[in-house]
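1. Below: sequence and its predicted model.
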Amino acid sequence: MLLLGITIITFSVIHIAPGKPTDLEAQFNPKVSMEARERISHLYGLDKSLHIQYLEWLKRFARFDFGISFMDSRPVMQKIMERIPVTLTIELFSIILILVIGIPIGVSSAVKEGGFYDRFMTVFVFTGFAVPTFWLSLILMDYIGVRWGILPISGIKSLEFEKFGFFEKIIDVSKHLVLPVLVSAFGGLAGISRYMRSSMLHVLKQDYIRTARAKGLTEKEVLYKHALKNALLPVVTILGLSVPGLIGGSVIFESIFSIPGMGRLFYESVMARDYPVIMGVLVMGAVLTLLGNLLADISYAAVDPRIKLEDNL
Amino acid sequence: MNKLTLFGLGIVVFFIMIAIFAPTIAPYNPGQIDIENILTPPSSSHIFGTDSLGRDLFSRMVYGSRISLMVGFIAVGIAGLIGIALGAIAGYYGKWLDTVIMRFIDIMLCFPTFFLILAVIALLEPSIINIMVVIGTTSWMGMARLMRAEILSLKERDFIYAERAIGASDLRIIAKHLIPNAMAPVLVSITLGIAGAILVESSLSFLGIGVQPPTPSWGNILSEGKAVMGASWWMMLFPGLAIFITVLGYNLLGEGIREKLLR
Amino acid sequence: MLLQIKNLKINYKSDNRLVEVVRGIDLDIDKGECVGLIGESGCGKTTVGLSITKLIPERKGNISAGEILFAGKDILKLNSEELRNIRGKKISYVFQEPFSSLNPVFTIYEQIREVLEEKDNPDSRIAEILKSVGLEKIIGRKNMYPHELSGGMQQRAMIGVAITSRPDLLVLDEPTTALDVTVQRQILGLIMELKNKMNLAILFISHDLRIVFNIADKIAIMYAGKIIECGPKGKIVSSPAHPYTIGLIGSIPSLEHRKKVFNAIGGRAPLFSELPCGCKFYPRCKFRINKCLEREPDLDEVNQGHFSRCINFHLVGGV
């Protein structure tokens, strides 16, 4: 909790850093209109002294009051909250996909270490990692969306959405989400499967695996009961750490696939120099990351009997 | 050495060579506009075809490699300097300095990196220098942690005590003895970091806030290609492929170094 | 004869080369008999122990020759299912480091339960086992994990797991080396007790003759991959027939009646990749003569049941 407090305070200071030069920049940049400049001044209370600016600003942030958007004068928080569910849903499915595919790949690569399968999978996941998301999105969009028309490529609902029955609505949204989720997951596969592989390899060298074999357990039991549980432990933490990466990546595919999520909101507001929204999204992004980490810590403590929860909080 | 690692090394060297010898390799001036030959598919005179202003795609790509590699190296260089320095200080001096630096790292890690980069670049001007600096100042955290961990385990070794006993200064100990011995895992980070930086730069250029046209970057070539995607497949294929292969190369190399270290 | 190891040869993989680490071992263990296998670290004794149920990982090494007859059948020729029926059920192991040999994420109860037979009532059988290894305190505490136990208790737990299926043979690989001295005695006492109660045959692998002395019936001493002396423990200690054995005994302060006390043996064991010709102990031997260099001696019977691989054995002890 203390960490949370310190974090919020301190990264507020970081916010002010881009804020300041931007102000100066904006003042000299003829593109920014007089009105906008005045709004900025007023918003930041640049006429008041530095301390007061910061404190006032911090107070509002603590209440999640991020001010009003420049673009459409709606409360920033509201705009963000509209978009978060979409992004989070895509994240969630991405993570599920990554786990469901990545962990088995990692485990089997470790078991068959050095073999053809292992080397093939290594190349495969590296491919996933090296492919630029925007390139992949474009290609998928072009082939699957446009040429073959299998899946929709824009937005999260079709035009006739309102006329659909309940199930049809769900199917429709799902169809729209397939490509973004795939793109988002493809990059993350590499990380999880490699980590799983090395964790599994490390575990398989341990003495207790020898004991398990000496006890006469089947190879399956040795691998999937004794080894796997131990190998999964560190992977759990990695999950929490992959949240910021996924959020960051959302900017690209949300823009390309026209998904109304946080990433695209961020991009649009950056383009429009909509500072309140920019700040708001940055803070929310960081908050989500912290939540992700917290979740990872908690699940690790829950799974590993050697760790007691109180020590970590 | 592992075959895959060698492959990665080969790719890396290949592209470095291309970047260095760009002027010799490129058949055309990358900025040369030829309105008569807009969007022509690959042919014997233009191996990769031409773009929407009739410029030779191959030449643009060759020069683009310079940008991508330069950004990659310098950005990671900056990140490396910051990371190694902070990590070494945190590890060596410990106590409150360590705590402060680690907290700082934790905080920096809270932000989706790409968001930060995006915001700062867009709000400042998208110049190549800015890009390099921003990527550098947002990707040092991993290296700092690695360096710190290595230093923590190394600083209690006998040869360090020996150095202190003969009165070597802290700076000398850190710079001459500790850091070189701790570099190994950081080297992996650096290699993988170059791959990451190239991806970030191309993403930024793609979104329009990276390298600005007419300077060719693989990312902004792809961005131009987006509009004519359907008909002009070469605009999409080559730059994307180039980014992909380069990044793959660095990744394979980095992983290979890591595997070697573990032995 | 319960277990017969015949001419066992094992290779280890080291930097893409194969090195012969066990160069032809013969060992017999009878029902209810305890055989001590003694040797320096790295002499191959653990390898011999592991090979009995083929526990050496493929990537580390392989058994290149020999037979291991257990109740008449050659273990090395069994398929995996038959092998599994022996492991943990007829032949059990207790390893050196109890902490790392127990799986940290499973409870003690769970790890014992895994080896129970279907017909057993888990709770009562586990309670029985815990009692027999002196872990009464844990009975009923089903959520006890290995890291919550002390080293001695962990080893007792391991022993408990090993004796659950009432095995015929128990292989102990330095079971007390990682424990405190006082705890060592307790564990040794436990092992003796169990041996007598259950008529267990035991292969007790150790580097320390003292530890093995009380419990063993027969002692076999290994050096550079071969057995260099073996026989009933009394004879080995009172009239050793190999210079190496003298050195081992010489470091035992409690055997007062040995007048010729030699200190720790100088030098170190040879690397398997650089074995000298003739007798492998030659470089460190005080009784050596030129003839020793000609060829490696055979294991000859020196006395009834007492064998030695030294041509000068009559100079060595009071044979």
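-> Structure's in. What do you need? Numbers count the residues shown, from 1 in each chain, chains lettered A, B, ... in the order given.

2. Show me what from chain B comes close to chain C.
-> Neighbours of chain C within chain B, by Cβ under 8 Å from any Cβ of the partner chain: none found. From N, CA and C alone the C-beta is placed, and that goes for glycine too.

3. what bits of chain B have low per-residue confidence?
-> Applying pLDDT under 70 to chain B flags the ranges B:1, B:229-230, B:262-263.

4. Run the chain-centre distance for stretch B:201-214.
-> Averaging C-alpha positions (Cα atoms, centre = their mean, to the nearest Å) puts stretch B:201-214 15 Å from its chain's average.

5. What lies in contact with it?
-> Residues outside stretch B:201-214 that contact it (Cβ atoms under 8 Å, 6 or more residues apart in numbering or on different chains) are A:132-134, A:251-252, A:255, A:267, A:270, B:31, B:67-68, B:71-72, B:75, B:114, B:117-118, B:121-122, B:126-128, B:131, B:135, B:217-220, B:222-224, B:243.

6. before we move on, what about stretch C:27-38?
-> With Cβ under 8 Å, 6+ apart, stretch C:27-38 has contacts from C:1-5, C:8, C:45, C:48-49, C:168-169, C:195, C:199-209, C:212-213, C:215-222, C:227, C:230, C:233, C:248.

7. from those, which would you call buried?
-> By neighbour count, with 16 or more other Cβ atoms under 10 Å in any protein chain shown, the contacts of stretch C:27-38 hold C:2-5, C:8, C:45, C:48-49, C:168-169, C:195, C:200-209, C:212-213, C:215-222, C:227, C:230, C:233, C:248 as buried.

8. among those residues, which are in helices?
-> C:45, C:48, C:49, C:195, C:209, C:212, C:213, C:233, C:248 (DSSP state H).

9. Going by distance to chain A, which of those wins?
-> Closest approach to chain A among those (Cβ to the nearest Cβ): residue C:49, at 10.4 Å.

10. contacting residues around the closest one?
-> C:37, C:93, C:171, C:173, C:203, C:205.

11. Leaving out chain neighbours, which residue sits closest to residue 222?
-> Chain wasn't specified; assuming chain A. residue A:212 (4.7 Å; Cβ to Cβ, 6 or more residues apart in numbering or on different chains).

12. that's the wrong chain, I wanted chain B
-> residue B:239 (4.7 Å).

13. which residue ranges form the strands in the stretch 51-200 of chain C?
-> Residue ranges of the strands in the stretch 51-200 of chain C, as given by DSSP state E, counting those that start in this stretch, are C:61-70, C:73-74, C:91-94, C:169-173.

14. State the mean pLDDT of the shortest one.
-> Average pLDDT, strand C:73-74: 88.

15. Name the surrounding residues that touch that strand.
-> Residues outside strand C:73-74 that contact it (Cβ under 8 Å, 6+ apart): C:67, C:68.

16. for the nearest residue to residue C:293 once chain neighbours are set aside, helix, strand, or coil?
-> Leaving aside its sequence neighbours, residue C:293 sits nearest to residue C:278 (Cβ to Cβ, 6+ apart; 3.9 Å). Three-state call for residue C:278 (DSSP: H, G, I helix; E, B strand; the rest coil): coil.

17. State whether residue C:278 and residue C:290 are indeed in contact, as I suppose.
-> No: using Cβ atoms under 8 Å, residue C:278 is not in contact with residue C:290, being 9.4 Å away.

18. Mind checking which of these two has more residues around it?
-> Ranked by neighbour count (other Cβ atoms under 10 Å in any protein chain shown), residue C:278 and residue C:290 place residue C:278 first, with 16 against 8.

19. Check that one and give its pLDDT.
-> Looking at residue C:278, its pLDDT stands at 81.

20. Which of the contacts of stretch B:201-214 fall within helices?
-> Counted as lying in helices by DSSP H, out of those, are A:133-134, A:251-252, A:255, A:267, A:270, B:67-68, B:71-72, B:75, B:114, B:117-118, B:121-122, B:128, B:131, B:135, B:218-220, B:222-224, B:243.

21. Can you point out the buried residues in the helix or strand harbouring the residue nearest to residue B:222?
-> Assigning secondary structure by DSSP states H and E places residue B:239 in helix B:233-262. Within helix B:233-262, the residues that count as buried by 16+ other Cβ under 10 Å are B:233-240, B:242-244, B:246-258.

22. Tell me which other helices or strands it touches.
-> helix A:116-130, helix A:133-140, helix B:3-20, helix B:57-93, helix B:179-207, helix B:218-227 (3 or more Cβ pairs under 8 Å, 6 or more residues apart in numbering or on different chains; DSSP states H and E).

23. Select, out of those helices, the one closest to residue B:154.
-> helix B:179-207 (5.8 Å; Cβ to Cβ).

24. got the angle between the closest one and helix B:113-123?
-> Orientation of helix B:179-207 against helix B:113-123 (axes from the mean of the first three to the mean of the last three Cα atoms, to 10 degrees) gives an angle of 60 degrees.

25. Can you give the distance of helix B:179-207 from its chain's centre?
-> With Cα atoms, centre = their mean, you get 4 Å for helix B:179-207.

26. Which residue comes closest to residue C:129 once chain neighbours are left out?
-> residue C:160 (4.7 Å).

27. Might you report the residue contacts of that neighbour?
-> So residue C:160 contacts C:112, C:129, C:130, C:132, C:133, C:135 (Cβ under 8 Å, 6+ apart).

28. Report the contact partners of residue B:221.
-> B:51, B:57, B:60, B:61, B:64, B:235, B:239.

29. Out of these, give me the one that has the most neighbours.
-> residue B:239 leads those on contacts (other Cβ under 10 Å) with 31 neighbours.

30. My understanding was that that residue contacts residue B:61; is that so?
-> Yes: using Cβ under 8 Å, residue B:239 makes contact with residue B:61 at a distance of 6.4 Å.

31. got any residues that touch both of these two?
-> B:218, B:221.

32. Show the contacting residues for residue B:84.
-> With Cβ under 8 Å, 6+ apart, residue B:84 has these contacts: B:143, B:144, B:147, B:179, B:186.

33. Give the buried residues for the helix or strand encompassing the third one.
-> What that stands for is residue B:147. Take DSSP H and E as the rule and residue B:147 turns out to sit in helix B:141-154. For helix B:141-154, a neighbour-count test (16+ other Cβ under 10 Å) marks B:141, B:142, B:143, B:144, B:145, B:146, B:147, B:148, B:150, B:151, B:152, B:154 as buried.

34. List of residues touching that helix?
-> B:79-80, B:82-84, B:86-88, B:90-92, B:98, B:101-102, B:105, B:108-109, B:160, B:174, B:178-179, B:181-182, B:184-186, B:189-190, B:193.

35. Any quick PyMOL command for the buried ones out of those?
-> In PyMOL, a selection of the buried entries from those looks like this (16+ other Cβ under 10 Å):
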select buried, chain B and resi 79+80+82+83+84+86+87+88+90+91+92+98+101+102+105+108+109+160+174+178+179+182+185+186+189+190+193
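
36. Can you tell me which of the ones in helices among the contacts of stretch B:201-214 are classed as buried?
-> A:133-134, A:251-252, A:255, A:267, A:270, B:67-68, B:71-72, B:75, B:114, B:117-118, B:121-122, B:128, B:131, B:135, B:218-220, B:222-224, B:243.

37. do you know how far the residue of chain B found nearest chain A is from residue B:223?
-> Closest residue of chain B to chain A, Cβ to the nearest Cβ: residue B:114 (3.2 Å). Distance of residue B:114 to residue B:223, computed by Cβ to Cβ, to the nearest Å: 17 Å.
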